[in-house]
Every structure is written in structure tokens, then in C-alpha cells.
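*Asks:* Build me a model from this:
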Amino acid sequence: MNRRRPRIARHGFTVMETLIAVGLLLALGGVIFGFLLDMLRTRDAVLEHTAQRRAASVFVEQLESDLFTAMVGSDALGSGIAGNESRLELLTSSVAAGRAASPGTQREAFSELIRAEYRFNETRHQLEVRRSVVDRRPRSVLPNDASRNARNSGDGNGQRWETLEARLYRIEFRYHDGREWRTSFDALDAGRFPHAVEVAIWFQPWPDRDWNDPDDFEDWDDPDAEGNDAPERLTFDPTGTFDEFEFAMREDRDQTARDPPRPDVHRVIVLPDAIVDSDSGEEGPR
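*Replies:* Model (predicted):
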């Protein structure tokens, strides 16, 4: 007697079930891939911000140290503090107090005269630094002005520019002369130190930088016959609509064009040896 074994019905995936499974796998893979990309972007942003903070801190601390030991300069050596909005050049020399008090080491207490140069490369968005030893021997062969220009425009005694690795969007210097902030200063021309040096650093591009150009605004009133701005004509259009978003964005553009954003790093370095003019009534920056 033959006994037949019961057949087990084996059902495979239908086409619809296969498509659903593939869709779920693709959706899950997309979510995981998006999460990984977002995590990598966050990691890169954190590392970049950390590098920017570290570079800005090192730069500001070194600049403050150089300013505290700077000198006014001379016709032979050049200006001790000379700079504009994007570049600053200093002559600095410190004294080791411990060695100065020890007998027989007074000469070793005086360090070499260093020319420190800081400049911001707007094309590469990086800060470049160069430090070189200055020859204290005067150049008697050249006239005073020529000698001074040769010192200030020297090649750093062959020293190359060193670049901070962190990318910075913008660095600006300003100088307080006892009355107001200026975009340039020369200690040798002024015969004294600036009261303070301000450094502002931005890590990221300014929002809507193109709005800062006054030429971009095309809604100026037409001038009248005398060249003055004509009064704006009041009109009423019953068919028009009021766009609240456009009105708010226009106010934001006006504010952006007037004021730059707050810098990420802002330091005002007050020089302790600055001379206060007795007739100006000013006490320097506060």
C-alpha cells in the first residue's frame, strides 16, 4: 500500500510584495544615508568652527603680546605700529625681568628686535603672519625717508609668510587716536602709540553680502530740477495687494546694508604706554 506524503504548499513572494519590500529597503537606506550625511556635515562644521576659534584665539593673544612690547620706531628702523584695515606691522622687543635682575646677564635680558607682520588674504580668506629679526644698525647710506621706507617695505629678511590653517571670512583692524576710531595709523608719523587697537574677526560670510552695495538699490526718488530728491508721490491702487513678506524683507535689506553683522571675535587692546593729549580732554577708548 503506497502512502503518499502530503505536499507542503510553498508560496513565493508576489510581484507586489517584492516591490513593497524593495521600496521599504530603499526608504530605509535613504534615511540612513541622509542621517550619515547630516552627521558628517555637522562633524565638519564643528571641526571648522573649533579650528577657527583656536586660530583666532592664538592670533589675538600673540597680537596683544606684540602690542604690549611694541615701540614707536625711528627713521632708521621704521614705524613701530603701522597698519590699515587688513594689515598690521609691528616692531616689538621684550625684556626678561628675571634675567635683568641677575648680575652679569643684563645683556641677555634684552631680546632681539622683531618685526611682526599680520595681513589678511581676502582671496584665500586666511590670515598670514611673518616674523623676522630686525638689524638694529642704522642705514646711514640712505636718507631718513628712504631708509625708513626700505625698512617698512622689506622682505622680512627672507622669511616666508606663514598661514593659519583655519579659513576666516574677514578680519578688520581699527585704531583709536584718542579722539576717534581710524582705519589706518602710523606711530612714527603720529609720534606716539595709538590709544587702542581693535580687531574684529568674522568666521562666516555676511548674510546677503550683495545688499551692502548702494548701487543695488534702484528705488531712489528721481531728482528734481535743482538736483535734490523729489518728494515721493502718494498714489493709491485699489487693485494692488500688500505683500507683508516683501515689506519685511525690504526692511531687513535696509538694515543689512547699514550695519555689518556682529563679529564672532572682537577684542579692543588698550596700549598702556599711549600718551593722552592734554588739550583734547580725551581719556582714550572705554
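*Asks:* low-confidence ranges in this protein?
*Replies:* 1-13, 95-111, 136-158, 208-258, 275-286 (pLDDT under 70).
*Asks:* Please, where are all the strands along it?
*Replies:* Under the criterion DSSP state E, strands of the chain are mapped to 73-74, 78-79, 81-83, 87-92, 114-121, 126-133, 162-163, 170-176, 181-182, 185-186, 196-202, 265-270.
*Asks:* need these in a markdown table with mean neighbour count and distance to Met39, can you?
*Replies:* Yep, even glycine has a C-beta here, placed from its N, CA and C like the rest. Shown next, in a markdown table, are the strands of the chain (neighbours: other Cβ atoms under 10 Å; distance: least, Cβ to Cβ, whole Å):
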| stretch | mean neighbour count | distance to Met39 |
| --- | --- | --- |
| strand 73-74 | 20 | 53 |
| strand 78-79 | 23 | 51 |
| strand 81-83 | 23 | 42 |
| strand 87-92 | 22 | 40 |
| strand 114-121 | 19 | 32 |
| strand 126-133 | 17 | 27 |
| strand 162-163 | 11 | 30 |
| strand 170-176 | 21 | 29 |
| strand 181-182 | 14 | 44 |
| strand 185-186 | 20 | 47 |
| strand 196-202 | 21 | 27 |
| strand 265-270 | 16 | 27 |
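*Asks:* Tabulate these (CSV), appending distance to Arg43.
*Replies:* Formatted as CSV, those follow (distance: least, Cβ to Cβ, whole Å):
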stretch, distance to Arg43
strand 73-74, 47
strand 78-79, 45
strand 81-83, 37
strand 87-92, 34
strand 114-121, 27
strand 126-133, 22
strand 162-163, 24
strand 170-176, 25
strand 181-182, 39
strand 185-186, 42
strand 196-202, 22
strand 265-270, 23
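*Asks:* Of all those strands, which one is nearest Gly23?
*Replies:* strand 196-202 (46.0 Å; Cβ to Cβ).
*Asks:* Show me what that closest one is packed against.
*Replies:* helix 15-68, strand 170-176, strand 265-270 (3 or more Cβ pairs under 8 Å, 6 or more residues apart in numbering; DSSP states H and E).
*Asks:* For Asn84, which of the ones you listed is the nearest?
*Replies:* Across the helices and strands packed on strand 196-202, closest to Asn84 is strand 170-176 (Cβ to Cβ), at 7.1 Å.
*Asks:* what angle sits between that closest one and strand 126-133?
*Replies:* 60 degrees (axes from the mean of the first three to the mean of the last three Cα atoms, to 10 degrees).
*Asks:* Partner strands of strand 170-176, with direction?
*Replies:* Next to strand 170-176 in the sheet, as set by DSSP bridges, lie strand 181-182 (antiparallel), strand 196-202 (antiparallel).
*Asks:* got the CA positions of the longest one in PDB?
*Replies:* These are the backbone C-alpha positions of strand 196-202, laid out as PDB (Å, rounded to 0.1, in the frame of the first residue of the first chain):
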ATOM      1  CA  ALA A 196      43.900 101.200  21.400                       C
ATOM      2  CA  VAL A 197      43.900  98.700  18.500                       C
ATOM      3  CA  GLU A 198      40.600  96.900  17.700                       C
ATOM      4  CA  VAL A 199      40.500  93.600  15.900                       C
ATOM      5  CA  ALA A 200      37.200  92.100  14.600                       C
ATOM      6  CA  ILE A 201      37.000  88.600  13.100                       C
ATOM      7  CA  TRP A 202      34.100  87.000  11.200                       C
END
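*Asks:* Show me what that strand is in contact with.
*Replies:* 56, 59-60, 63, 67, 81, 88, 168-176, 181, 261, 263-271, 274, 284-285 (Cβ atoms under 8 Å, 6 or more residues apart in numbering).
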